[in-house]
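> Give me coordinates for this.
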Amino acid sequence: MPAVSKGDGMRGLAVFISDIRNCKSKEAEIKRINKELANIRSKFKGDKALDGYSKKKYVCKLLFIFLLGHDIDFGHMEAVNLLSSNKYTEKQIGYLFISVLVNSNSELIRLINNAIKNDLASRNPTFMCLALHCIANVGSREMGEAFAADIPRILVAGDSMDSVKQSAALCLLRLYKASPDLVPMGEWTARVVHLLNDQHMGVVTAAVSLITCLCKKNPDDFKTCISLAVSRLSRIVSSASTDLQDYTYYFVPAPWLSVKLLRLLQCYPPPEDAAVKGRLVECLETVLNKAQEPPKSKKVQHSNAKNAILFETISLIIHYDSEPNLLVRACNQLGQFLQHRETNLRYLALESMCTLASSEFSHEAVKTHIDTVINALKTERDVSVRQRAADLLYAMCDRSNAKQIVSEMLRYLETADYAIREEIVLKVAILAEKYAVDYSWYVDTILNLIRIAGDYVSEEVWYRVLQIVTNRDDVQGYAAKTVFEALQAPACHENMVKVGGYILGEFGNLIAGDPRSSPPVQFSLLHSKFHLCSVATRALLLSTYIKFINLFPETKATIQGVLRAGSQLRNADVELQQRAVEYLTLSSVASTDVLATVLEEMPPFPERESSILAKLKRKKGPGAASALDDGRRDVSSNDINGGVEPTPSTVSTPSPSADLLGLRAAPPPAASPAPASTRNLLVDVFSDGPAAQPSLGPTPEEAFLSELEPPAPESPMALLADPAPAADPGPEDIGPPIPEADELLNKFVCKNSGVLFENQLLQIGVKSEFRQNLGRMYLFYGNKTSVQFQNFSPMVVHPGELQTQLAVQTKRVAGQVDGGAQVQQVLNIECLRDFLTPPLLSVRFRYGGAPQSLTLKLPVTINKFFQPTEMAAQDFFQRWKQLSLPLQEAQKIFKANHPMDAEVTKAKLLGFGSALLDNVDPNPENFVGAGIIQTKALQVGCLLRLEPNAQAQMYRLTLRTSKEPVSRHLCELLAQQF
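This is a model prediction of the structure:
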């Protein structure tokens with residue numbers, strides 16, 4: 001580059017920058033900038049022609065003002081004029097201004113293209129580099145169409161200087177990534193490969209990046225690069241650090257180029273030429289040998305560079321999978337990293353060994369490290385490293401170590417992180433089935449799995465065990481005995497009840513000879529779990545009962561008594577009611593022969609590939625639903641084992657968090673009739689769709705707002721509840737919220753429906769909808785027992801100042817809730833002004849004569865009153881600058897608590913209520929949103945920016961609103977979701 005002369009110092013620019021820095025306030029800065037803009041505008045429009053130096057100075061000032069965050073709407077033409085200057089500094093400033101300020105769709109692109117074309121044809125290497133940099137920085141399609149054919153010629157021209165070749169290669173790479181169809185393949189492709197032999201290491205590095213990208217789409221055109229890449233790699237690996245002094249980084253010769261060459265070789269199979277292959281193997285062995293040498297420096301930069309080459313070398317060895325000696329050596333090298341003090345190295349070692357475990361040459365070598373991997377699973381602090389350890393155990397498992405690995409994974413499952421429990425459950429189920437020496441061990445393992453992690457055992461897992469037990473006569477008796485013993489535990493998971501109901505209904509006769517498991521005992525044991533189960537499980541148990549009548553006639557009278565019970569024949573759920581009626585009639589009317597034919601044993605299922613493996617693959621893919629729904633996922637029974645559902649019933653089984661009281665099927669009777677417009681809301685209260693705002697049916701927004709009449713302002717006490725008896729508690733004596741109240745509240749920040757609370761007695765479900773500053777919420781109280789709740793009294797309480805900030809109008813519910821029934825309560829909500837604390841929900845009732853009470857936080861947070869706002873990038877940045885006071889901004893940098901997935905993040909931000917703005921942030925990985933919080937008193941504008949860092953597993957969240965407490969509160973609410 002030419003030296004900058006002393007006269008190019010631009011004293012006026014220095015004075016202007018000094019003035020800006022000396023400004024005492026934002027207003028003074030804006031005043032100074034406006035004064036300067038007026039001066040520049042007058043100079044540009046004046047009659048006197050400006051010389052190149054003045055143009056450069058004023059364009060520099062405009063560029064500086066833009067970088068301070070102010071809009072620049074003039075000066076573009078003057079910058080374009082600078083491109084025609086013969087002085088380097090003037091041309092450089094012109095290109096810099098264009099690269100930063102000119103939009104790719106600007107009307108000036110044609111003028112800019114003409115100037116670039118002149119510079120490319122000038123053969124002045126400095127001007128050519130400036131032009132190539134500008135093309136790469138702007139990268140518009142119009143520029144690509146204009147220069148895509150010229151740049152390859154410059155790249156391979158014999159008289160091009162090294163700096164020009166380097167710039168041309170990187171510019172062509174940028175254009176190819178932006179518009180692959182614009183870069184023509186031709187005779188230049190064969191010549192660009194020979195740049196790998198160039199004497200200039202910078203040219204080689206740029207050429208390798210370009211060839212690696214091009215060969216992925218056109219591998220045959222660049223196949224000759226293999227031998228040249230191996231030759232260049234060999235020279236680097238065998239050289240001493242003093243041979244490449246300009247490209248040696250902390251005693252490691254050309255580490256970046258070495259890594260790029262190794263990645264390029266991974267685009268092709270092993271070399272066919274024996275000489276080339278031998279030279280490559282020698283290179284790989286040299287890298288592995290150097291890894292064993294003592295470090296030449298204690299600095300982390302040295303070890304990072306050295307390990308980067310080593311791991312890329314191991315990736316190439318794994319890719320080829322044809323050199324047993326290298327694979328074993330790579331495995332041993334990775335084994336040393338498993339106990340390294342650096343967490344990142346342990347993670348990378350586990351990840352690479354997962355791939356090595358799949359190779360027939362290195363599988364046995366990987367197995368020798370099983371104890372170290374098990375220890376990592378138990379003791380690692382970082383959850384991502386523990387997850388990789390679980391992946392490696394799964395990959396290295398075979399018949400010789402299956403029992404040990406399954407046992408260790410089951411032991412770890414008891415304390416595993418919730419985010420990976422479902423995945424480990426699937427892996428244990430797959431390994432137990434794949435490597436089962438005898439199926440009694442398989443049955444024990446699956447039942448143990450349900451006992452340890454029942455909430456995370458998906459339908460595929462227990463469907464599969466039922467399919468295997470049904471198909472194998474030798475294990476049916478053992479399965480019946482084992483599941484009978486498991487059901488005797490006081491705390492028995494619902495999935496265990498499902499498995500037990502099916503197996504005892506089919507094969508209970510195999511253990512009926514033992515007095516300890518006689519038919520009445522089996523029935524009594526199953527029926528003791530009946531009132532604690534969901535609707536689908538109750539339906540399955542009813543099918544088991546009718547099977548018992550066929551298997552054990554002596555239980556007929558007892559079972560018919562259960563079916564005749566009013567709680568069954570008049571059940572609110574239509575499926576349970578229909579089964580009870582039909583099964584009772586069938587057992588009363590049908591003859592023994594007909595009954596035996598209708599209720600005969602299930603036939604063997606067709607042998608199909610296990611669906612558990614497919615579920616695991618889906619789970620490992622992007623957008624895993626566990627991140628959206630606390631690690632639990634409902635799966636349709638239609639895709640299980642090819643569509644066969646091995647349950648005695650035809651109803652699908654919901655997940656552990658699914659609805660207990662049949663809200664999926666139809667709206668149950670409520671204490672007061674629901675408005676017609678809410679009928680659709682009751683049908684899918686706990687649907688399995690994404691946690692977004694529910695559909696409001698055909699009702700237009702005006703109708704919705706007119707239906708939600710706000711409470712009368714003159715009677716604020718009416719907002720709490722309908723007039724209650726004098727004995728009802730006041731806000732001061734309801735007691736504190738339950739310990740998990742905050743955790744339950746956080747689940748509803750980004751969704752509007754689900755189960756708010758559940759224990760052995762009561763289930764509380766929520767369905768809500770919000771428009772502007774009004775909302776409507778439906779609370780569903782379900783009695784899970786067979787005993788009636790008495791004096792049932794839910795009430796909403798406003799702690800502190802909340803009564804002046806939020807108005808909640810409730811409707812009274814019935815004081816009695818029958819066993820197995822549910823009641824609905826409607827809440828009309830109005831946001832009067834911004835608030836920070838949610839209202840409290842106090843529920844009191846008597847069960848079996850004993851008083852019961854609990855206090856929850858009602859899922860009403862300030863973000864529920866968000867109105868999504870779409871805006872252009874220019875409007876967004878203008879508004880962002882307006883909200884620049886320190887108190888208006890809240891920022892938080894935090895560690896990711898869930899797997900970082902772009903689709904999951906997008907769904908959560910939409911559920912939070914803001915609109916997502918595309919093409920606003922220069923970094924496409926970031927998320928930008930905007931919205932307005934609607935209250936009766938005022939509107940609060942909100943802008944947010946979420947910056948994920950996948951490598952560090954961290955986020956930076958920035959919120960700006962017009963009210964300081966709102967910024968901090970929204971920042972805290974949203975940060976807890978990631």
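> Tell me how many other residues crowd the residue lying closest to Val230 once chain neighbours are set aside.
Residue nearest to Val230 in three dimensions, not counting chain neighbours: Leu280, with 4.7 Å by Cβ to Cβ, 6 or more residues apart in numbering. For every residue, glycine as well, the C-beta is placed using N, CA and C. Neighbours of Leu280 under the rule other Cβ atoms under 10 Å: 24.
> now Val465
Val465: 28 neighbours (other Cβ under 10 Å).
> Over to the one 5 residues further on?
The criterion is other Cβ under 10 Å. On that basis, Thr470 has 21 neighbouring residues.
> so it touches Pro604, yeah?
Yes. Under the criterion of Cβ atoms under 8 Å, Thr470 makes contact with Pro604 at 6.1 Å.
> Assign the closest residue to Glu29 other than its chain neighbours to helix, strand or coil.
Spatial nearest neighbour of Glu29, chain neighbours left out: Cys23 (4.1 Å); criterion: Cβ to Cβ, 6+ apart. Of the three states, Cys23 takes coil under DSSP: H, G, I helix; E, B strand; the rest coil.
> Quick check: Cys23 touching Ile17?
No. Between Cys23 and Ile17 there is no contact under Cβ under 8 Å: 11.1 Å.
> Look at Gly800 and report its pLDDT.
On pLDDT, Gly800 comes in at 81.
> Might one say that it is in contact with Thr837?
Yes. Gly800 lies in contact with Thr837 (Cβ under 8 Å); the separation is 6.5 Å.
> So the two - more neighbours on which side?
Thr837 (16 against 11).
> Quick check: the gap between that one and Ser962.
21 Å (Cβ to Cβ, to the nearest Å).
> any weak-confidence spans in the protein?
Scanning the chain for pLDDT under 70 picks out 1-9, 104-106, 240-243, 607-733.
> State the number of residues packed around Tyr53.
For Tyr53, using other Cβ under 10 Å, the count is 16.
> Would you mind measuring from it to Asp47?
Tyr53 is 19 Å from Asp47, by Cβ to Cβ.
> Skip ahead from the helix or strand where the residue nearest to Val230 lies and say which helix or strand is next.
Element membership of Leu280, judged by DSSP states H and E, is helix 274-292. Helices and strands here follow DSSP H and E; after helix 274-292, the next one along the chain is helix 300-320.
> Need the residues that contact that next one.
249-252, 255, 258-259, 262-263, 265-266, 269-270, 284, 287-288, 290-291, 295-296, 323, 326-327, 330, 333-334, 345, 348, 352, 355-356, 359 (Cβ atoms under 8 Å, 6 or more residues apart in numbering).
> same thing with stretch 520-527?
Contacts for stretch 520-527 (Cβ under 8 Å, 6+ apart): 484, 487-488, 497, 500-501, 504, 508, 511-512, 541, 544-545, 548, 552, 554-555, 558-559, 562.
> picking up where we left off before, pull the number of nearby residues for the residue nearest to Glu29.
Neighbours of Cys23 (other Cβ under 10 Å): 14.
> do the same with the one 3 residues further on
Other residues within reach of Lys26, judged by other Cβ under 10 Å, total 11.
> which ones are touching it?
So Lys26 contacts Ser884 (Cβ under 8 Å, 6+ apart).
> From Ser884, how far out is it?
For Lys26, the distance to Ser884 - Cβ to Cβ - is 7 Å.
> now what about stretch 87-101, what contacts it?
1-2, 4-5, 8, 52-53, 55-56, 59-60, 62-63, 66-67, 72, 75-76, 79-83, 85, 112, 119, 126-127, 130-131, 133-134, 137-138.
> what distance separates that stretch from the centre of its chain?
Chain-centre distance of stretch 87-101: 42 Å, with Cα atoms, centre = their mean, to the nearest Å.
> ok, now stretch 871-891?
The answer for stretch 871-891 is 27 Å, by Cα atoms, centre = their mean.
> So which bits of it are buried?
By 16 or more other Cβ atoms under 10 Å, the buried positions in stretch 871-891 come out as 871, 876, 880, 883, 888-890.
> which ones among these are found in helices?
876, 880 (DSSP state H).
> Which of the buried residues of stretch 871-891 sits closest to Gln824?
Looking at the buried residues of stretch 871-891 and their distance to Gln824, the nearest is Ala890, at 37.8 Å (Cβ to Cβ).
> Run through the bridge partners of that closest one.
Counting by DSSP bridges, Ala890 is bridged to Leu959.
> Run through the helices of the stretch 751-900 of the chain in chain order.
Along the stretch 751-900 of the chain, counting by DSSP state H, counting those that start in this stretch, helices occupy 873-882.
> Tell me where it has strands.
753-758, 762-771, 774-783, 789-797, 806-810, 822-831, 840-847, 850-857, 866-868, 889-895 (DSSP state E, counting those that start in this stretch).
> Could you give the separation of the last one from the chain centroid?
To tie it back to what came earlier, the one meant is strand 889-895. Per Cα atoms, centre = their mean, the centroid offset for strand 889-895 relative to its chain is 19 Å.
> helices and strands around that strand, which ones?
strand 954-961, helix 964-975 (3 or more Cβ pairs under 8 Å, 6 or more residues apart in numbering; DSSP states H and E).
> how about the ones you listed in TSV, adding distance to Leu108?
Compiled in TSV, the helices and strands packed on strand 889-895 are given as follows (distance: least, Cβ to Cβ, whole Å):
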stretch	distance to Leu108
strand 954-961	33
helix 964-975	39
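> quick one: which of the ones you listed is nearest Leu745?
Checked against Cβ to Cβ, the stretch from the helices and strands packed on strand 889-895 lying closest is helix 964-975, at 9.5 Å.
> So which bits of the closest one are buried?
Applying 16+ other Cβ under 10 Å to helix 964-975 flags 966-971, 973-975 as buried.
> of those, closest to Arg844?
Using Cβ to Cβ, the buried residues of helix 964-975 come closest to Arg844 at Leu973, 29.0 Å.
> count of neighbours near Lys298?
Neighbours of Lys298 (other Cβ under 10 Å): 7.
> rewinding a little: quick one: which of the strands of the stretch 751-900 of the chain is nearest Arg191?
strand 889-895 (48.5 Å).
> what does the closest one rub up against?
883, 953-960, 967-968, 970-972, 975, 978.
> Show me the two of these that sit farthest apart.
Spatially, the most separated pair among these is Leu883 and Gln953, at 29.2 Å (Cβ to Cβ).
> one step back: who are the contact partners of the residue nearest to Val230?
Applying Cβ under 8 Å, 6+ apart, the residues near Leu280 are 230, 233-234, 265, 270-271.
> swap in Phe770?
693, 752, 776, 829, 864-865 are the contacts of Phe770 under Cβ under 8 Å, 6+ apart.
> Tally up the residues packed near the closest residue to Leu832 other than its chain neighbours, please.
Leaving aside its sequence neighbours, Leu832 sits nearest to Lys936 (Cβ to Cβ, 6+ apart; 4.8 Å). Neighbourhood size, Lys936 [other Cβ under 10 Å]: 15.
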